[in-house]
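Enquirer: Sequence isn't available, so here's the structure alone:
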């Protein structure tokens, strides 16, 4: 097929392609369409496969021409995109070329056929501007406070929950079981407010009406009417600035009997620990590992954010849409439902699909740009990893997680899982290289808890 073509790059990483197919190929394409229907169509008065072309044209002329135009355009596009000079401007898999203005070109077998299509291409990514980039590294120390918090959590996880003696009052940190209901001004129960056998830890605030302080001193089987006024700026909009009357009945009061911090507890946690000191050393190692991993993650994200800002990437609309759809499908899997049902649930809650995506997965465009920049730099800097470097990663993972190297290798024996490790190792090498090109300074001092507060 004889085709002339002209490519024009337009905004949002899209391309406008204008192609002209020779009139000889147009006439040949139309003949193919006629021959196909003449061979397979059966009309009254004619044997199958013997319908004259002029009869077909009289009866189905417009439809045949439209189909022929579509076939000619498809065939010419296939030929165009097979050529080597089109490899950098081929359409994305999820961006099929569409006719400009959605209008078919005029069809005349005696003339050349010219059409224009628009489609999205892979964006050009150039990472050249590193000027003025400063990455601040948070200063975080892990000490006795963090160790003691972890030990307390271990005690609570290994605690025995026992009933308090009848007649003993409710105290902070007790585990209580209550029945409660909101009362209207006339003493009737507010519809939908009644709960039975609700369990919470006093002082945690993990009850709708936040009556932790009000149940202090109550005893088992005691009922109390509570009148509580909530602050105007209360986080719960249904409570903010209002006064509620709640009836609460305490049905059970329990305490956590914490185990002693000793060698026996350490051995209960894991048989690999012989003494409490062994457990403490392991906790400190894990805390340091978590801190270092989080600090590195924050540094890398800061660097990427600045690279995205200084090196604009023109994202095609179809790429952003495909990214969001992929994230939406992953969210549906997490919620164990279908994407369609998830959208109904989100709309019913008064939110939008895009708002929910941003809330759960972050800014899709920003994250997509970051990934494109990383992929580009990996190629440009020819970052690769050797088998020896992967073996070193196995040893590092084993050391950080209290595993043997053989156990780590077993975990990564699946090729796809190992590929994740390889990719992660490549990215770490890339960032090591990038930090040689930018300024790294000490950042603000930060507690270990603050380092992870946004992940709670």
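Expert: Nice, thanks for sending it over. Values in this document were obtained by computation on a predicted structure and should not be read as measured data.
Enquirer: Tell me where the model's unsure across the stretch 301-450 of the chain.
Expert: The model of the stretch 301-450 of the chain has pLDDT under 70 over residues 361-362.
Enquirer: give me the low-pLDDT residue ranges for the stretch 1-150 of the chain?
Expert: Judged by pLDDT under 70, the stretches of the stretch 1-150 of the chain that qualify are 40-53, 55.
Enquirer: element containing the nearest residue to residue 403 once chain neighbours are set aside, please.
Expert: Nearest in space to residue 403, with sequence neighbours left out and distances taken as C-beta to C-beta, 6 or more residues apart in numbering, is residue 397 at 7.2 Å. From N, CA and C alone the C-beta is placed, and that goes for glycine too. Element membership for residue 397, per DSSP states H and E: helix 387-401.
Enquirer: mind checking how far the helix or strand following that helix is from the chain centre?
Expert: The first helix or strand that comes after helix 387-401 along the chain, using DSSP H and E, is helix 405-411. A distance of 28 Å separates the centroid of the chain from that of helix 405-411, by C-alpha atoms, centre = their mean, to the nearest Å.
Enquirer: Just give me the neighbour total for residue 161.
Expert: The number of residues packed near residue 161 is 9, by other C-beta atoms under 10 Å.
Enquirer: Over to residue 425?
Expert: Residue 425: 19 neighbours (other C-beta under 10 Å).
Enquirer: was I right about it contacting residue 391?
Expert: No - the pair residue 425 and residue 391 does not pass the contact test of C-beta atoms under 8 Å, sitting 10.9 Å apart.
Enquirer: and the helix holding residue 397, which residues are buried?
Expert: 393, 394, 397, 398, 400 (16 or more other C-beta atoms under 10 Å).
Enquirer: So which of these is the closest to residue 196?
Expert: The shortest approach to residue 196 among those belongs to residue 400, at 46.2 Å (C-beta to C-beta).
Enquirer: For that closest one, which non-adjacent residue is closest in space?
Expert: Closest to residue 400 by C-beta to C-beta, 6+ apart is residue 289, at 4.7 Å.
Enquirer: From the contact counts, what lies against the helix or strand hosting that neighbour?
Expert: For residue 289, the enclosing helix or strand under DSSP H and E is helix 276-310. For helix 276-310, the packing partners by 3 or more C-beta pairs under 8 Å, 6 or more residues apart in numbering; DSSP states H and E come out as strand 134-140, helix 144-157, helix 263-269, helix 364-380, helix 387-401, helix 415-434, helix 448-451.
Enquirer: among the ones you listed, which is nearest residue 236?
Expert: When the helices and strands packed on helix 276-310 are compared (using C-beta to C-beta), the closest one is helix 448-451, at 24.5 Å.
Enquirer: How far does the closest one sit from its chain's centre?
Expert: 23 Å.
Enquirer: swap in stretch 235-242?
Expert: With C-alpha atoms, centre = their mean as the basis, the mean position of stretch 235-242 lies at 32 Å from the chain mean.
Enquirer: quick one: terminal-to-terminal distance for it?
Expert: End-to-end distance of stretch 235-242 (C-alpha to C-alpha, to the nearest Å): 12 Å.
Enquirer: And stretch 72-92, by the same measure?
Expert: End-to-end distance (C-alpha to C-alpha), stretch 72-92: 21 Å.
Enquirer: quick one: buried residues of it?
Expert: For stretch 72-92, a neighbour-count test (16+ other C-beta under 10 Å) marks 72, 73, 75, 76, 77, 79, 80, 86, 89, 90, 91, 92 as buried.
Enquirer: tell me what the helix or strand encompassing the first one is packed against?
Expert: Just to be clear, that refers to residue 72. In this assignment (DSSP H and E), residue 72 forms part of helix 53-82. Applying 3+ C-beta pairs under 8 Å, 6+ apart, we find helix 53-82 packed against strand 3-10, strand 14-21, helix 23-40, strand 113-120.
Enquirer: Please convert these to a markdown table, extending it with mean neighbour count and distance to residue 311.
Expert: As requested, the helices and strands packed on helix 53-82 are exported to a markdown table (neighbours: other C-beta atoms under 10 Å; distance: least, C-beta to C-beta, whole Å):
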| stretch | mean neighbour count | distance to residue 311 |
| --- | --- | --- |
| strand 3-10 | 13 | 18 |
| strand 14-21 | 19 | 20 |
| helix 23-40 | 16 | 44 |
| strand 113-120 | 19 | 20 |
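Enquirer: As JSON lines, these with distance to residue 406 would be great.
Expert: Formatted as JSON lines, the helices and strands packed on helix 53-82 follow (distance: least, C-beta to C-beta, whole Å):
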{"stretch": "strand 3-10", "distance to residue 406": "53"}
{"stretch": "strand 14-21", "distance to residue 406": "52"}
{"stretch": "helix 23-40", "distance to residue 406": "64"}
{"stretch": "strand 113-120", "distance to residue 406": "47"}
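Enquirer: So for residue 127, which of the ones you listed sits nearest?
Expert: Here strand 3-10 is closest among those (C-beta to C-beta), at 19.3 Å.
Enquirer: list the helices and strands the closest one packs on?
Expert: strand 14-21, helix 53-82.
Enquirer: what angle sits between it and helix 53-82?
Expert: 50 degrees (axes from the mean of the first three to the mean of the last three C-alpha atoms, to 10 degrees).
Enquirer: doesn't residue 407 make contact with the residue nearest to residue 403?
Expert: No - at 9.4 Å, residue 397 and residue 407 do not qualify as touching, with contact defined as C-beta under 8 Å.
Enquirer: rewinding a little: for the helix holding residue 289, list every residue counted as buried.
Expert: For helix 276-310, by 16+ other C-beta under 10 Å, it's 276, 278-280, 282-283, 287-288, 290-291, 294-295, 298-300, 302-304, 306-308.
Enquirer: Throw the buried residues of stretch 72-92 into CSV and include distance to residue 359, thanks.
Expert: Shown next, in CSV, are the buried residues of stretch 72-92 (distance: C-beta to C-beta, whole Å):
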residue, distance to residue 359
72, 47
73, 42
75, 46
76, 45
77, 40
79, 46
80, 42
86, 40
89, 36
90, 35
91, 32
92, 27
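Enquirer: Among these, which one lies nearest to residue 446?
Expert: Using C-beta to C-beta, the buried residues of stretch 72-92 come closest to residue 446 at residue 92, 41.6 Å.
Enquirer: quick one: contacts for that closest one?
Expert: 119, 120, 121, 122, 316, 318, 319, 322 (C-beta atoms under 8 Å, 6 or more residues apart in numbering).
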